[in-house]
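1. okay, sequence plus prediction incoming.
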Amino acid sequence: MQTLGQTRSAAAQEPAFEEQVLDLPSSVFDLLPIGVYVCDIQGRIVRYNRAAATLWGRKPKLDDASDRFCGSLHLYALDGSPIAHADCAMAEVLTNGSPVRNREVVIEQPNGARIVVEMNVNPLRDSAGGVIGAVNCLNDVSERHSSAAITTGDAVRPELDLLKALPVAVYTTDAAGLITFYNQAAAELWGCHPELGKSAFCGSWKLYRPDGRPLAHDECPMAISLREQRAVRNSEAIAERPDGSRVPFIPYPTPLYDRSGHFVGAMNVLIDISDHKRSLRLLAEIVNSSDDAIITKDLNGVITSWNPGAERLFGYTSTETIGRHITMLMPPDRHNEEPGILARLRAGERIDHYETVRQRKDGSLIDISLTVSPVKDEDGIVVGASKVARDITERRLAHERQRLLLREMDHRVKNLFALAGSVVTLSARSTQSVQELASTVNERLAALARAHSLTLPDPTAGDSISERTTTLHTLLRTILSPHDVRAKNPDTRFAIHGIDLPLGGGSVTSFALLFNEFATNAAKYGSLSTSDGTVAIVCSEQKNMIHIQWTEKGGPSTDALAKDKGFGSTLVEATVAQLGGKVSREWRTEGLVIEISVDRNRCMAQVRQRQ
């Protein structure tokens, strides 16, 4: 054990420090029921007993300059304000030599626990009367304080200034529910300053449940926490201020206990969720006004929300879908997609622009682009998914039209080269000189160009008034004229009989495509590939349907003709379908026979007046 003589040479001749202070052996010193410690004149701790170490919650080193005046980690006044060790009762006695009696302070231990102690400090003097140190007796008086005193100075407000400065609403009550403290943020949330010790459970003027029903103060979450002595979580309420404005909030009431484990009250933290509610309303408005289908589901694939866009896209109302499995929107051959989607969601993966097919309420199929995102809770755990489905039917049809157009261009270019070669070959058989051949070929190619122009819409058309119009017979003669190598007697190669109807609108282009395809195939493979072959066309009308029969004779044997379905056949069938009709082919011994039937109303030209 150290003595003053070990730390100060000036007092080397004085009696040992311990002999002047407490001439007790350590074993007896540790048996004292109160905390006792001794400091030298410089404030260094030179002796303490076991009870003092227990109150401090630590064992400071003896004669250590870093632990002066007191062995506690921190000291506070009863109102919570901090006390520096250099300003404590021990330092005061060492400075002025006057004893301190029954002074109460709060000791904070390293684990954060706080204890109210009563200090009695006496100076120690040498033989000449000079102060050479002091002894402090510490008595735990925490239980002496009322619950209100403990609430204010210890358990509830370990940092009073911090609670006052917090930007969130905080208040405390005693065990009976009377408010004992609240900060400025709580007063602003309530819109008033309740009177301490009189207002109970909550300082708001009125309270309401989330659905708008009144909530009595003695039924609020704080009252429940006090009554059942448990923390209350996952609840919401609405505070109404005296001016009538309302603030939605989430309360976090928590019971409080003193050092002896006695229930003394509760503390409540109120989180203003007004901004959160506004964000939710804005999000709901965005979701409800979206043209896209926005759907949420849990990790079992069960639908949990359904916006108006989903109702428009799929035909189901929200009441028909919420609570049902998402596979209700999938065709049977697509059910195998869902397990893979759920597995990727559980891994936190986002699925972007996944193109697939879904099924409407009426059973029809729809092409969609699907984006699937995981939905996480406040702990970052995936709990479900958000799906955004966009109708891409028009885009898919546009893509198909583009693909068809490219194939048609390729088909036409090849046909034009084939027709040009056929014109030269057949013209050579009926001409006698090079000049006559050149003139004939030039005339035939010019006629071919005129006929080909009819297979395209008029590029100068700015409105429906500019659409092409002609008659059925005129169109046939224009399309077939490049193939008539017997210019002096054209009727012997082509025969057009029956009704002649006016054509208008898109039907001119459609019929031009059909007749050009028939004539091209006849020139490549059929009766027009020979100089003696003929084509007979008969037009008739029956029950608002126009019937056209195309009959070839004098061509190659039909056994040698290619009958596989190529792009030309696809083009013919698609064009006839646009006219509301059907087409059939028959390869007879004498030649090919084609019959088409189309809706008269889709073909006839309409008489229109300019405005």
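-> Cool, got the structure.
2. which helices and strands sit right next to the helix or strand residue 93 falls within?
-> For residue 93, the enclosing helix or strand under DSSP states H and E is helix 89-96. Identification of packing neighbours for helix 89-96 by 3 or more Cβ pairs under 8 Å, 6 or more residues apart in numbering; DSSP states H and E yields strand 100-108, strand 114-125, strand 131-140. Where you see a C-beta, it was placed from the backbone N, CA and C, and this is true even at glycine.
3. go again using 10 Å as the cut-off
-> strand 35-40, strand 100-108, strand 114-125, strand 131-140 (3 or more Cβ pairs under 10 Å, 6 or more residues apart in numbering; DSSP states H and E).
4. deepest of those, which one?
-> strand 35-40 (a mean of 24; mean count of other Cβ atoms under 10 Å).
5. starting at the chain centroid, how far to that strand?
-> Distance, stretch centre to chain centre, for strand 35-40: 64 Å (Cα atoms, centre = their mean, to the nearest Å).
6. let's number from 30 now, not from 1
-> Sure thing, new numbering starts at 30, so read that last one as strand 64-69.
7. with only the CA atoms kept, save it in CSV.
-> Listed next in CSV are the C-alpha coordinates belonging to strand 64-69 (Å, rounded to 0.1, in the frame of the first residue of the first chain):
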residue,chain,number,x,y,z
GLY,A,64,-17.8,3.0,-0.3
VAL,A,65,-14.7,4.7,1.1
TYR,A,66,-11.7,6.1,-0.8
VAL,A,67,-8.7,8.3,0.0
CYS,A,68,-7.0,10.9,-2.2
ASP,A,69,-3.7,12.6,-1.6
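8. direction included, what does that strand pair up with?
-> strand 74-77 (antiparallel), strand 160-169 (antiparallel) (DSSP bridges).
9. just to revisit the earlier point, between the helices and strands packed on helix 118-125, which gets nearest to residue 301?
-> Using Cβ to Cβ as the measure, strand 143-154 is the one of the helices and strands packed on helix 118-125 that comes nearest residue 301, at 30.2 Å.
10. give me the angle between the closest one and helix 118-125.
-> Relative orientation of strand 143-154 and helix 118-125, computed by axes from the mean of the first three to the mean of the last three Cα atoms, to 10 degrees: 20 degrees.
11. which elements pack onto strand 143-154?
-> Contact here means 3+ Cβ pairs under 10 Å, 6+ apart; on that basis strand 143-154 packs against helix 46-50, strand 64-69, helix 79-85, strand 103-105, helix 118-125, strand 129-137, strand 160-169, helix 176-182.
12. pull that strand out as PDB, backbone CA atoms only.
-> Provided in PDB are the C-alpha atoms of strand 143-154 (Å, rounded to 0.1, in the frame of the first residue of the first chain):
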ATOM      1  CA  ARG A 143     -26.400   5.500 -13.000                       C
ATOM      2  CA  ILE A 144     -26.500   5.500  -9.200                       C
ATOM      3  CA  VAL A 145     -27.400   8.300  -6.900                       C
ATOM      4  CA  VAL A 146     -24.900   8.500  -4.000                       C
ATOM      5  CA  GLU A 147     -24.600  10.700  -0.900                       C
ATOM      6  CA  MET A 148     -21.000  12.000  -0.400                       C
ATOM      7  CA  ASN A 149     -19.400  13.000   2.900                       C
ATOM      8  CA  VAL A 150     -15.800  14.200   2.500                       C
ATOM      9  CA  ASN A 151     -13.400  15.000   5.300                       C
ATOM     10  CA  PRO A 152     -10.000  16.600   5.000                       C
ATOM     11  CA  LEU A 153      -6.900  14.800   6.400                       C
ATOM     12  CA  ARG A 154      -4.200  16.900   8.000                       C
END
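13. show me how far that strand is from its chain's centre.
-> 62 Å.
14. who does that strand pair with, and is each partner parallel or antiparallel?
-> In the sheet, strand 143-154 lines up with strand 129-137 (antiparallel), strand 160-169 (antiparallel) (DSSP bridges).
15. and the helices in the stretch 180-329 of the chain?
-> 189-194, 213-219, 250-257, 303-318 (DSSP state H, counting those that start in this stretch).
16. scratch that, the stretch 430-579 of the chain is what I was asking about
-> 463-482, 501-509, 535-553.
17. can you give me the buried ones in the last one?
-> Okay, so that is helix 535-553. By neighbour count with 16 or more other Cβ atoms under 10 Å, helix 535-553 contains the buried residues 536-553.
18. mind putting the helices and strands packed on strand 143-154 into JSON lines with distance to residue 266 and mean pLDDT?
-> Listed next are the helices and strands packed on strand 143-154 as JSON lines, based on distance: least, Cβ to Cβ, whole Å; pLDDT from 0 to 100:
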{"stretch": "helix 46-50", "distance to residue 266": "61", "mean pLDDT": "44"}
{"stretch": "strand 64-69", "distance to residue 266": "47", "mean pLDDT": "92"}
{"stretch": "helix 79-85", "distance to residue 266": "42", "mean pLDDT": "93"}
{"stretch": "strand 103-105", "distance to residue 266": "34", "mean pLDDT": "91"}
{"stretch": "helix 118-125", "distance to residue 266": "47", "mean pLDDT": "95"}
{"stretch": "strand 129-137", "distance to residue 266": "35", "mean pLDDT": "90"}
{"stretch": "strand 160-169", "distance to residue 266": "40", "mean pLDDT": "91"}
{"stretch": "helix 176-182", "distance to residue 266": "24", "mean pLDDT": "40"}
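19. make a markdown table out of the ones you listed and add distance to residue 501.
-> Formatted as a markdown table, these follow (distance: least, Cβ to Cβ, whole Å):
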| stretch | distance to residue 501 |
| --- | --- |
| helix 46-50 | 131 |
| strand 64-69 | 119 |
| helix 79-85 | 113 |
| strand 103-105 | 106 |
| helix 118-125 | 119 |
| strand 129-137 | 105 |
| strand 160-169 | 115 |
| helix 176-182 | 102 |
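20. about what we covered before: of the strands paired with strand 64-69, which approaches residue 219 most closely?
-> So among the strands paired with strand 64-69, strand 160-169 is nearest, using Cβ to Cβ, at 37.9 Å.
21. what distance separates the closest one from the centre of its chain?
-> With Cα atoms, centre = their mean, you get 66 Å for strand 160-169.
22. with stretch 216-235 instead?
-> The answer for stretch 216-235 is 39 Å, by Cα atoms, centre = their mean.
23. first vs last residue of it, how far apart are they?
-> Stretch 216-235 has an end-to-end distance of 14 Å (Cα to Cα, to the nearest Å).
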